[in-house]
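Student: need a 3D model of the following:
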Amino acid sequence: MEKEILKLFLKENKLKFNEIEKSLKTRSNKLNYHLKKLISKGILEKEKEFYKLPETSEYLIPYISEKNSPLPVILILIGNKQKAFLYKRQKRPYKNFLSLPGGRILIREKISDAVKRILKSKHSINATLQKINSVSLEHVCKNKKIIHSFILIFVTAKTKDKIELTNVIQKKSKIIPSDYKLILNDSNKKTTLKIINSKTKS
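Tutor: Residues are numbered from 1 along each chain as shown. Model (predicted):
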């Protein structure tokens, strides 16, 4: 219900209760419950008789859709194609495989800031971005069906901390296949990822 409410604000800046009720064809008490919930979360705000999506919630607009989109993630290489920092993954897919450290980019975050945050918060490693190696689209298949899609931003970082590196070739069978390919094929590559700052008035 909450996603259906938010969809209405893709085209309208503000809406009255009866306009939302009419569009969704739902009971007023049910609608009132979900509107209050969205307001308490800070996603919607009420101004007199109008409900509106504040600027702080506009980041949600690209995600208000029934379509599933590839998830952009950063994968970070510390080391080289022979030896790299890897950890045992605890989440699906690829649970118990050795993985490059990585994670999502947060809103308003630069790649360099994301690299620092991910390595520090997840692995207690102080590191800085060295270069962006490559950008790839990965499809994860199971039983001949694509179950996940990721946009992989593969980067190299450097650290002065003492960390244990894994022999990549020896542990090939235990490393996530896409991570292994990136380490082996893209470690020496370099690309750029432009940051475009745009403004909107609406």
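Student: domain assignment for the protein?
Tutor: What automatic domain parsing lists as the domains of the chain is 2-62, 71-186.
Student: so which of these is nearest residue 199?
Tutor: Comparing those against residue 199 with CB to CB, the closest turns out to be domain 2-62 (12.3 Å). The way it works is simple: take the backbone N, C-alpha and C, and place the C-beta from them, glycine included.
Student: pick the most buried one from the domains of the chain.
Tutor: With neighbours defined as mean count of other CB atoms under 10 Å, those peak in mean count at domain 71-186, which reaches a mean of 16.
Student: averaging pLDDT over each of the domains of the chain, which comes out lowest?
Tutor: Between the domains of the chain, the lowest average pLDDT goes to domain 2-62, which shows a mean of 88.
Student: and that domain, how far from the chain's centre?
Tutor: Its chain's average C-alpha position is 25 Å from that of domain 2-62, according to CA atoms, centre = their mean, to the nearest Å.
Student: could you dump the domains of the chain to TSV with distance to residue 200?
Tutor: Compiled in TSV, the domains of the chain are given as follows (distance: least, CB to CB, whole Å):
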stretch	distance to residue 200
domain 2-62	8
domain 71-186	15
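Student: any idea which residue sits dead centre in this protein?
Tutor: Within the chain, one residue has its C-alpha closest to the average C-alpha position: by CA atoms, centre = their mean, that is residue 104, at 3.6 Å.
Student: contact partners for it?
Tutor: Counting by CB atoms under 8 Å, 6 or more residues apart in numbering, residue 104 touches 71-74, 114.
Student: looking at these, which are in strands?
Tutor: Within the contacts of residue 104, membership in strands is found for 71-74, as judged by DSSP state E.
Student: nearest to residue 123, of those residues?
Tutor: For the ones in strands among the contacts of residue 104, the minimum distance to residue 123 (CB to CB) is 13.3 Å, reached by residue 74.
Student: the closest one is in contact with residue 100, isn't it?
Tutor: No - the pair residue 74 / residue 100 is not scored as a contact, 9.3 Å apart, by CB atoms under 8 Å.
Student: tell me where this structure has strands.
Tutor: According to DSSP E, the strands that the chain contains are 14-16, 45-47, 50-52, 71-77, 83-84, 87-88, 98-99, 102-104, 127-142, 145-159, 166-167.
Student: strand partners (parallel or antiparallel) of the third one?
Tutor: Partners of strand 50-52 in the sheet, by DSSP bridges, are strand 14-16 (antiparallel), strand 45-47 (antiparallel).
Student: okay, those strands in CSV with distance to residue 138 next?
Tutor: Formatted as CSV, the entries for the strands paired with strand 50-52 read as follows, by distance: least, CB to CB, whole Å:
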stretch, distance to residue 138
strand 14-16, 39
strand 45-47, 38
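Student: for the ones you listed, which one sits closest to residue 88?
Tutor: Shortest separation from residue 88 across these is recorded for strand 45-47, at 43.9 Å, computed as CB to CB.
Student: residue 120 against residue 114, yeah?
Tutor: No - under the contact definition of CB under 8 Å, residue 120 does not touch residue 114, with a separation of 10.9 Å.
Student: CA atoms only: put stretch 12-23 into PDB for me.
Tutor: Once non-C-alpha atoms are left out, stretch 12-23 reads as follows in PDB (Å, rounded to 0.1, in the frame of the first residue of the first chain):
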ATOM      1  CA  GLU A  12       2.100  15.200  -8.500                       C
ATOM      2  CA  ASN A  13       3.900  17.500  -6.000                       C
ATOM      3  CA  LYS A  14       1.100  17.400  -3.500                       C
ATOM      4  CA  LEU A  15      -2.200  15.600  -3.100                       C
ATOM      5  CA  LYS A  16      -5.300  15.900  -0.800                       C
ATOM      6  CA  PHE A  17      -6.500  12.900   1.200                       C
ATOM      7  CA  ASN A  18      -9.600  12.500  -1.000                       C
ATOM      8  CA  GLU A  19      -7.500  12.600  -4.200                       C
ATOM      9  CA  ILE A  20      -5.300   9.800  -2.900                       C
ATOM     10  CA  GLU A  21      -8.300   7.800  -1.700                       C
ATOM     11  CA  LYS A  22     -10.000   8.200  -5.200                       C
ATOM     12  CA  SER A  23      -6.900   7.100  -7.100                       C
END
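Student: I appreciate the help and will end here.
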